[in-house]
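Student: Sequence unavailable; structure follows:
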């Protein structure tokens, strides 16, 4: 091989080595970029998860603290802020859980709207939330959060009509009670399911024939006792227990 040929061959080898090194560097950069993007996604999802836990507290546990005091306007403002937060999320971060929490916040906002007398706005909120919950419930009827959300919407809609003097159609209330009953009577039933079930039965008792009302109230009180109503370990349960007992006392013997 001539010196010129060897030189050309050496250049080719050097070029190949440089290309391989360049490719290796680019691969490392791509992997690092992917890792950084994955880290950012995980951080974003973690932040969203933490935010959802906070929102869940605000629209569920905190509501139970405020509702007996009548300070639902505060709850309405918090719920509105929660809805705004969810509406600001990019589409790729919207999950069924996210939709559930957003719809729950809309229900709570609707309750506050009804409490201040804005019936039209309240019904619009309930309509919006129910459409979401109906879709999610059809896709996964065993999801407790979705079931609770739909039952709460049905209850809240009837409660609004009841408060303005129109007992209306109890079909939604019956459906809510039927949905909640297995959860409420389960040995490990959640307090929120039991309390909502008892609250639903309390209103339902006022729509039933006279010979059914006491049994309905007794069922409600039974699950409330199991939730800490009598020993005051759950103040919300105790409050609903008092309401149910008042309803039972009004029934003819």
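Tutor: Sure, I can see it. Bear in mind the structure is a predicted one, so any value in this text is a computation, not a measurement. Numbering: from 1, shown residues only.

Student: just for the chain, where's the confidence low?
Tutor: For the chain, applying pLDDT under 70 flags the ranges 1-30, 32-72, 167-169, 253.

Student: Now do the same contact list for residue 226.
Tutor: 189, 194 (Cβ atoms under 8 Å, 6 or more residues apart in numbering). No exception for glycine: its C-beta is placed from N, CA and C like everyone else's.

Student: so what's the backbone phi/psi at it?
Tutor: phi -70, psi -10 (degrees, to the nearest 10).

Student: go on, residue 186?
Tutor: Here residue 186 shows phi and psi, under degrees, to the nearest 10, equal to phi -70, psi 140.

Student: The one 4 residues further on too?
Tutor: Dihedral pair for residue 190: phi -70, psi 150, per degrees, to the nearest 10.

Student: And for the one 5 residues further on?
Tutor: Here is the backbone geometry of residue 195 (degrees, to the nearest 10): phi -70, psi -40.

Student: Would you quantify the distance from it to residue 226?
Tutor: 11 Å (Cβ to Cβ, to the nearest Å).

Student: again, but for residue 80
Tutor: 35 Å.

Student: same question, residue 127
Tutor: Applying Cβ to Cβ, the value for residue 127 to residue 226 is 34 Å.

Student: Please apply the same query to residue 170.
Tutor: 25 Å.

Student: Same question for residue 83.
Tutor: In terms of Cβ to Cβ, residue 83 sits 34 Å off from residue 226.

Student: cool, and residue 122?
Tutor: Distance, residue 122 to residue 226, by Cβ to Cβ: 32 Å.

Student: Check residue 145 too.
Tutor: Look at residue 145 and residue 226: by Cβ to Cβ, they are 21 Å apart.

Student: Ok, residue 244 next?
Tutor: Distance of residue 244 to residue 226, computed by Cβ to Cβ: 14 Å.
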